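>>> sequence first, then the predicted structure:
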Amino acid sequence: MLLDIDNYWLTWSLLMTFLSVRYGVIAGVFFLWWYIVRREKWAHRKIQTKYPSAQDYKREVGYSLMTFIIFATIAAAVYLPEVRPYTHVHRDVSEIVGANTALQAAYWLGGVVVMLFVHDVYFYAMHRIVHQKKIYPIVHKVHHTSHNPTPFAAFAFHPFEALTEFLIFPVIAFTIPHTIGMIATWLGMMTFYNAYGHLGFELYPKDFHKHWLGKWINTSVNHNMHHKYATSNYGLYTLIWDRMFGTVHAKYDAIFEEVSARKQTM
């Protein structure tokens, strides 16, 4: 168990392996299924009909691996034996809420939801900052080199952006009582939704953007437009902050309708 390891480099190695394998599996399955196996059958749902080049895929993977080096460095430092007592990590949920199993389940689920919410707020604010004119060309432009992103672009960041992206990890570790399982679930869901956001295909059904819940959920169309135009659609999991601050692209609804209404030609 991670909390039983006192060697920094062993912890770092395990985290680096975990992050890389999780990314490889999730992004790889997305890519294999929609870019190779179902490429023709799902062509009508390709947001930008052109496909990226092999060089784009290589660049995205290369930057992502650099990102994971930074992520693993931060996470391993947070759980150093000297630092760990100052975090709110616990071996089991029972240490947080007691022996009641229903309360444990509720806290576990609720805690992950809170992590996602806090991350959503943090990401939106940080994302707006790296889009500032003086910062964007130095830092965030690396990520936007993928004008037509693939799931491999999910973590293709400039090293400084990778650092700022993952500062949410110590924020959560030092403020929210959690277990390693809870934080791993949050990070897994982050990876999954990030890969979907960069997929380049829209999976949600027609009119999802008009649904009472769907209008608040981020979509692949929404984030693809962010990569294409780089002037709006800054959210990660939700559109709450984009709608609240008026940063949803004016053509989002029209483009989502156009993509989701396309008919399969085969």
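Nice, I can see it.
>>> how about low-confidence regions in the stretch 151-266 of the chain?
Within the stretch 151-266 of the chain, the stretches with pLDDT under 70 are 265-266.
>>> in it, which spans are helices?
Here the stretch 151-266 of the chain has its helices, by DSSP state H, counting those that start in this stretch, at 159-166, 168-175, 180-197, 220-229, 240-244, 252-261.
>>> and the ones you listed, which is most packed in?
Mean neighbour count (mean count of other Cβ atoms under 10 Å) peaks for helix 220-229 among the helices of the stretch 151-266 of the chain, with a mean of 22. (Each C-beta comes from the backbone N, C-alpha and C, glycine too.)
>>> show me how far it is from its chain's centre.
14 Å (Cα atoms, centre = their mean, to the nearest Å).
>>> please save the CA atoms from it in CSV.
Provided in CSV are the C-alpha atoms of helix 220-229 (Å, rounded to 0.1, in the frame of the first residue of the first chain):
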residue,chain,number,x,y,z
SER,A,220,-16.5,16.7,-26.6
VAL,A,221,-17.9,19.3,-29.1
ASN,A,222,-17.6,22.0,-26.5
HIS,A,223,-13.9,21.2,-25.7
ASN,A,224,-13.1,20.6,-29.4
MET,A,225,-14.3,24.1,-30.1
HIS,A,226,-12.0,25.4,-27.4
HIS,A,227,-9.1,23.8,-29.2
LYS,A,228,-10.2,25.2,-32.5
TYR,A,229,-11.0,28.8,-31.5
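>>> other SSEs contacting it?
Helix 220-229 is packed against helix 180-197, helix 252-261, with contacts defined by 3 or more Cβ pairs under 8 Å, 6 or more residues apart in numbering; DSSP states H and E.
>>> so what's the closest residue to residue 163 other than its chain neighbours up against?
Nearest residue to residue 163, sequence neighbours excluded (Cβ to Cβ, 6 or more residues apart in numbering): residue 70, at 5.6 Å. Counting by Cβ atoms under 8 Å, 6 or more residues apart in numbering, residue 70 touches 159, 162, 163, 166.
>>> assumed residue 70 was part of a strand.
No - using DSSP: H, G, I helix; E, B strand; the rest coil, the assignment for residue 70 is helix, not a strand.
>>> ok, it to residue 199 distance?
24 Å (Cβ to Cβ, to the nearest Å).
>>> can you count the residues close to residue 211?
Per other Cβ atoms under 10 Å, the neighbour tally for residue 211 reads 12.
>>> quick check: phi and psi on it?
phi -60, psi 150 (degrees, to the nearest 10).
>>> follow-up on the earlier one: distance check, the residue nearest to residue 163 against residue 12.
From residue 70 to residue 12 the distance is 11 Å (Cβ to Cβ).
>>> residue 178 contacts residue 114, doesn't it?
No - applying Cβ atoms under 8 Å, one finds residue 178 not in contact with residue 114, separated by 9.4 Å.
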